[in-house]
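Asker: Next come a sequence and a model predicted from it.
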Amino acid sequence: MKWWQNAVVYQIYPRSFQDSNGDGIGDLQGIIKRLNYLELLGINAIWLSPVYQSPNDDNGYDISNYQAINAEFGTMKDMDELIEKARKKGIHIIMDLVVNHTSDEHNWFVESKQSRDNEYREYYIWRDPVDGKRPSDLTSSFSGSAWEFDEESGQYYLHMFSKKQPDLNWENPAVRKDIYEMMNFWLDKGIGGFRMDVIDQISKDLENNVTNNGPRLHEFIQEMNQETIRQYDVMTVGETWGATIDSGKKFSDPKRNELSMIFQFEHITLDEQPGKSKWDLKPLNLVELKKVLAKWQVELGDSGWNSLFWNNHDTPRIVSRWGNDQNYRVESAKMFAILLHFMKGTPYIYQGEEIGMTNQPIKDISEASDIETVNLYRERLELGYNKEEIIKSINTKGRDNARRPMQWDNTQQADFTTSIPWLSVNPNYDRINVKQALEDKSSIFYTYQQLIKLRKENPSLVFGDFKLLLPDHPAIFAYERTYQNETWLVVANFSEEPTSLSLTDQSDKSQLIISNSTRKSYDLSDLYLEPYETFCIKK
Ligand code: NOJ
């Protein structure tokens with residue numbers, strides 16, 4: 001077994017985790033200060049969203065120097081200290097590898113832009129105008145065209161994200177060599193691996209408008225593996241929005257020497273209207289959700305490895321999205337935790353999820369910070385949408401929701417900072433915070449703590465086969481994991497109506513492992529479940 005197979009990863013969005021120097025921005029010393037908390041939770045690794053030097057057009061996903069730390073977050077000395085102190089607690093640091101693009105302030109791009117014959121010109125993707133216009137209709141994920149015109153050289157460069165995030169040209173071997181060197185610099189520091197930002201976009205076929213899963217993608221990843229990660233005992237997780245079972249296996253089949261696992265997003269897009277954007281909403285259908293999750297559980301088989309997650313810094317908080325963050329906040333948050341942790345794969349917890357932090361709606365666009373949100377608002381206004389409609393989409397799906405500061409206690413600014421935070425704290429910090437969670441033995445925090453422990457101690461949860469039960473039931477999400485002589489059964493009432501059901505003919509009160517209720521036992525032949533009531537038993 002690999003160390004990351006029974007591990008649980010905790011994602012930190014450094015800007016919002018803990019400020020230590022009173023500038024309103026989270027930093028590395030802040031994370032160091034909270035390592036004891038993470039140790040108590042029991043996680044094995046931290047995925048650190050980018051902490052490199054960056055002008056912050058996209059909060060660090062626009063890197064101007066991969067081998068320097070953003071001064072707002074601290075210094076390389078702080079980074080070394082974090083890696084070392086975390087290691088002593090058995091916590092690996094997973095760095096965010098953002099190599100589909102750099103910042104336009106990265107030296108490579110500054111050079112590349114100088115002239116058509118600069119030695120770095122081919123580090124990026126430059127094209128001549130076509131009939132005096134853009135080379136193609138490609139659009140950026142942050143609204144508008146993906147091509148930006150450079151007056152001086154008379155060419156366009158490609159940016160799949162903001163115009164301050166030019167795409168690197170992976171076809172150029174010199175680019176790949178420099179990236180591998182940079183990766184080895186970090187690996188030699190003893191990090192635990194990489195989360196690879198939009199890694200499925202590095203190979204492109206622009207003549208055919210292909211920007212994802214391009215023809216050389218797997219070749220590049222195999223080469224990267226060979227040149228870097230193969231020499232270290234680390235984990236890698238690729239962000240692959242468009243992954244299918246087939247490509248998922250290509251990425252994560254251990255025999256292929258690519259990645260340890262991928263983030264696939266099929267389940268996360270089920271409340272979007274097919275063929276439209278993430279902002280065009282439709283209600284979640286539980287039967288579909290179960291089908292998609294079960295497909296990934298079963299079909300990857302032994303030729304791949306899942307990552308399990310409900311939310312991250314790009315998505316709304318799950319308890320607000322698919323649970324109920326008002327009347328059943330604790331119950332639904334625990335349901336998500338239990339459903340996730342008994343599945344096959346490596347679970348990821350996004351900071352604050354373990355205390356049931358919620359989305360925080362805005363009333364006006366002036367309260368938004370995220371570039372994606374601000375651009376969307378402008379674009380949709382121009383297209384004739386009304387303000388209320390746009391704000392509704394933003395409140396449901398906008399990225400600021402998950403990026404508000406971590407709620408540590410009920411004192412000023414939730415103890416995140418001693419000054420004004422870069423993004424305002426959710427006012428519910430007076431009731432939802434870490435201090436309160438630690439004092440209440442029945443809090444969401446302790447459910448997570450117990451689940452993480454169970455994963456570490458039970459190989460069945462790593463290796464067991466997955467079987468979905470009652471696939472067509474509109475309210476119950478139930479599944480089994482079976483390994484050797486053990487069967488673990490998870491049953492959740494994924495709804496706000498009490499639900500009765502019977503799973504066996506004869507009374508069966510097997511050993512209760514965990515639940516989100518005070519009930520001491522469950523009889524499988526005669527179940528009555530309150531809204532969001534969830535349990536796991538072992539047979
Ligand atoms: C995915 C990251 O998770 C997101 O935050 C970022 O904006 C884009 N990639 C571009 O790097």
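Answerer: Cool, the structure landed.
Asker: wait, is Lys435 part of a helix?
Answerer: Yes: under DSSP: H, G, I helix; E, B strand; the rest coil, Lys435 sits within a helix.
Asker: Now do it: how many residues are near it, please.
Answerer: Counted with other Cβ atoms under 10 Å, residues neighbouring Lys435 total 15. To be clear about C-beta, it is placed using only N, CA and C from the backbone, and glycine gets the same treatment.
Asker: any idea how far Ile32 is from it?
Answerer: Remark: distance between Lys435 and Ile32 (Cβ to Cβ, to the nearest Å) = 19 Å.
Asker: next one: Lys363
Answerer: Distance from Lys363 to Ile32, by Cβ to Cβ: 36 Å.
Asker: So the two - more neighbours on which side?
Answerer: Taking other Cβ under 10 Å, Lys363 and Ile32 do not tie; Ile32 has more neighbours (18 against 8).
Asker: For stretch 47-62, measure first residue to last.
Answerer: In stretch 47-62, first residue to last residue: 17 Å (Cα to Cα, to the nearest Å).
Asker: How about stretch 399-407?
Answerer: End-to-end span of stretch 399-407 (Cα to Cα): 17 Å.
Asker: Could you do stretch 200-207 as well?
Answerer: Using Cα to Cα, the two ends of stretch 200-207 sit 18 Å apart.
Asker: So for it, what gets flagged as buried?
Answerer: Under the neighbour-count criterion of 16 or more other Cβ atoms under 10 Å, stretch 200-207 has Asp200, Gln201, Ile202, Ser203, Lys204, Leu206 buried.
Asker: How far does that stretch sit from its chain's centre?
Answerer: Distance of stretch 200-207 from the chain centroid (Cα atoms, centre = their mean, to the nearest Å) equals 23 Å.
Asker: cool, stretch 372-384 as well?
Answerer: That offset, for stretch 372-384, works out to 25 Å (Cα atoms, centre = their mean).
Asker: buried ones in it?
Answerer: Buried residues in stretch 372-384 (16+ other Cβ under 10 Å): Glu372, Thr373, Val374, Asn375, Leu376, Tyr377, Arg380.
Asker: mind checking how far the fourth one is from Tyr37?
Answerer: Using Cβ to Cβ, Asn375 is found at 35 Å from Tyr37.
Asker: all helices of the stretch 1-150 of the chain, in order?
Answerer: Under the criterion DSSP state H, counting those that start in this stretch, the stretch 1-150 of the chain contains helices at 28-33, 35-41, 76-88, 107-112.
Asker: would CSV of those helices with mean pLDDT and distance to Ala478 be doable?
Answerer: Shown next, in CSV, are those (pLDDT from 0 to 100; distance: least, Cβ to Cβ, whole Å):
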stretch, mean pLDDT, distance to Ala478
helix 28-33, 98, 38
helix 35-41, 98, 27
helix 76-88, 98, 37
helix 107-112, 98, 52
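Asker: Need the winner for burial among those helices.
Answerer: Each of those was scored by mean neighbour count; the highest is helix 28-33, a mean of 21, by mean count of other Cβ atoms under 10 Å.
Asker: Now do it: which elements does it pack against?
Answerer: helix 76-88 (3 or more Cβ pairs under 8 Å, 6 or more residues apart in numbering; DSSP states H and E).
Asker: quick one: Lys456 and Gln5 touch, right?
Answerer: No: applying Cβ atoms under 8 Å as the test, Lys456 and Gln5 come out as separate, 10.6 Å apart.
Asker: the more surrounded of these two?
Answerer: Gln5 (18 against 14).
Asker: Closest one to Glu439 out of the buried residues of stretch 200-207, please.
Answerer: Asp200 (43.6 Å; Cβ to Cβ).
Asker: Get me the contact residues on the stretch 51-200 of the chain for the ligand.
Answerer: Asp58, Tyr61, Val98, Phe161, Asp197, Val198 (Cβ under 6 Å from any ligand atom).
Asker: In CSV, list these along with distance to His473 and neighbour count.
Answerer: CSV is the format used below for these (distance: Cβ to Cβ, whole Å; neighbours: other Cβ atoms under 10 Å):
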residue, distance to His473, neighbour count
Asp58, 41, 22
Tyr61, 40, 24
Val98, 41, 28
Phe161, 40, 24
Asp197, 37, 20
Val198, 36, 21
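Asker: Right, I'll call it a day here.
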